[in-house]
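**Student:** model this:
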Amino acid sequence: MTQFVLRRLAVAIPLLLVVATISFFLVQLVPGSVGAAILGNNATQEQVDTLQHSLGLDQPVLSQFGHWLGDALRGDLGSSYTTGQSVSDALAQSLAPTLSLAILSTLLTLVLGLVMGMAAAVRGGRTDRLVTWSGSLGMAVPNFWLAALLVFVFAIKLSVFPATGYAELGTDGLGPWISHLVLPVLALSAVNLGQIAFQARAAFSDALSRDYVRTLHATGVPRRRILLKHVLRNASVPVVTVTGLTFIFTLGGVVVLELIFTLPGMGNLMLRSVQTHDFSVVQGGVLYFSIVVVLVNLVIDVATAALDPRVRVR
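**Tutor:** Numbers count the residues shown, from 1 in each chain. Now for the predicted structure:
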């Protein structure tokens, strides 16, 4: 297993370098200058040039990239052009709300998707049709529309959950932290639930049709033990893969929900940084997202290898 993980890491490191390089040069194509965006329309060209020089943005692009990459390899992502705050500190503060939303949403969809998929494969009939109908409905409803509906019902009409804001887990406690995340997690999970449920249904149906399941039934092994010990393990391999991909797509989908629920997450930070031409934060944010994606893919590979040892020899 150790060699398997090391091989995956050997592939991940060059990938991060490629992503960092592409993102840096793509940012340079954005029209307008950072100095003009910071100083506003009333600034003179001399003031803009002075600010550009103080930020090191008047140097050749390759020279800027060399300095940025060298500092990034030492763990220094620079400072925000607009606030002067360390990029690492700004990203660390905004990473917790985003990861909280993405992780809770993924866990919820995984548990419910497995239960729905297993029920549909084992029971069939009305249960199968109900799972298919509810999963398709969840995938068809836009998450921003569902988010607005949830806010209207549970925050405005019933006053059960807060409509906006975020509570720190370590500062405010578990209760406020969960209450602020319930509505965005539900809005984000509904879209992904159908994908995991359908994949789980197909995987369980395939596993139930295998010869070893019929053999276990014939030898008198209890049905529940067959499902939980044998079928679940084999059916979990494709479900784990889809869950990991769902988590990655969820990271891209949190931007809209962070705006609706005013969560101080990475999506909000990146959007503000693009609007203000704060490209040091944008580059650091892309690198952070890339690291998270690489780590998630590594976890998927390790989990898949643990469930199916044949994967380790690939």
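**Student:** Hmm, residue 288 and residue 95 touching each other?
**Tutor:** Yes - Residue 95 is within contact range of residue 288, at 6.6 Å (criterion: CB atoms under 8 Å). (C-beta placed from N, C-alpha, C; glycine too.)
**Student:** So between these two, which is more surrounded?
**Tutor:** Between residue 95 and residue 288, counting by other CB atoms under 10 Å, residue 288 is the more crowded of the two (20 against 17).
**Student:** and the more buried one, how far is that from residue 257?
**Tutor:** Distance of residue 288 to residue 257, given as CB to CB, to the nearest Å: 19 Å.
**Student:** Show me where the stretch 101-250 of the chain has its strands.
**Tutor:** Counting by DSSP state E, counting those that start in this stretch, one finds no strands in the stretch 101-250 of the chain.
**Student:** Can you check which residues contact both of residue 95 and residue 288?
**Tutor:** Counting by CB atoms under 8 Å, 6 or more residues apart in numbering, the contacts common to residue 95 and residue 288 are residue 266.
**Student:** Quick one: low-confidence residue ranges for the chain.
**Tutor:** 1, 4, 308-314 (pLDDT under 70).
**Student:** Longest helix of it, counting residues only.
**Tutor:** Counting residues, the longest helix found in the chain (DSSP state H) is helix 87-123.
**Student:** can you pull out the helices in the stretch 151-300 of the chain?
**Tutor:** All helices of the stretch 151-300 of the chain, identified by DSSP state H, counting those that start in this stretch, fall at 169-172, 174-208, 211-218, 223-225, 232-260, 266-275, 279-307.
**Student:** most packed of the ones you listed?
**Tutor:** Among the helices of the stretch 151-300 of the chain, the stretch with the highest mean neighbour count (mean count of other CB atoms under 10 Å) is helix 174-208, at a mean of 21.
**Student:** What angle do helix 87-123 and that one make with each other?
**Tutor:** 40 degrees (axes from the mean of the first three to the mean of the last three CA atoms, to 10 degrees).
**Student:** Report the angle between helix 174-208 and helix 211-218.
**Tutor:** Using the same axes, to 10 degrees: helix 174-208 against helix 211-218 is 90 degrees.
**Student:** who does helix 174-208 touch, helix- and strand-wise?
**Tutor:** Helix 174-208 sits against helix 87-123, helix 125-140, helix 143-150, helix 232-260, with contacts defined as 3 or more CB pairs under 8 Å, 6 or more residues apart in numbering; DSSP states H and E.
**Student:** Residue 36 and residue 47 touch, don't they?
**Tutor:** No - Residue 36 sits out of contact with residue 47 when judged by CB under 8 Å, with a separation of 9.4 Å.
**Student:** Give me the secondary structure label for the nearest residue to residue 69 once chain neighbours are set aside.
**Tutor:** Once flanking residues are discounted, residue 69 sits nearest to residue 20: 6.9 Å by CB to CB, 6 or more residues apart in numbering. Here residue 20 is recorded as helix under DSSP: H, G, I helix; E, B strand; the rest coil.
**Student:** next one: residue 42
**Tutor:** Quick answer, by three-state DSSP: residue 42 is coil.
**Student:** State the phi and psi torsions of it.
**Tutor:** With angles defined as degrees, to the nearest 10, residue 42 sits at phi -80, psi 0.
**Student:** gap between the spatially closest residue to residue 95 that is not a sequence neighbour and residue 277?
**Tutor:** Counting by CB to CB, 6+ apart, residue 266 is the residue found nearest to residue 95 once chain neighbours are left out, at 6.0 Å. Residue 266 is 18 Å from residue 277, where distance means CB to CB.
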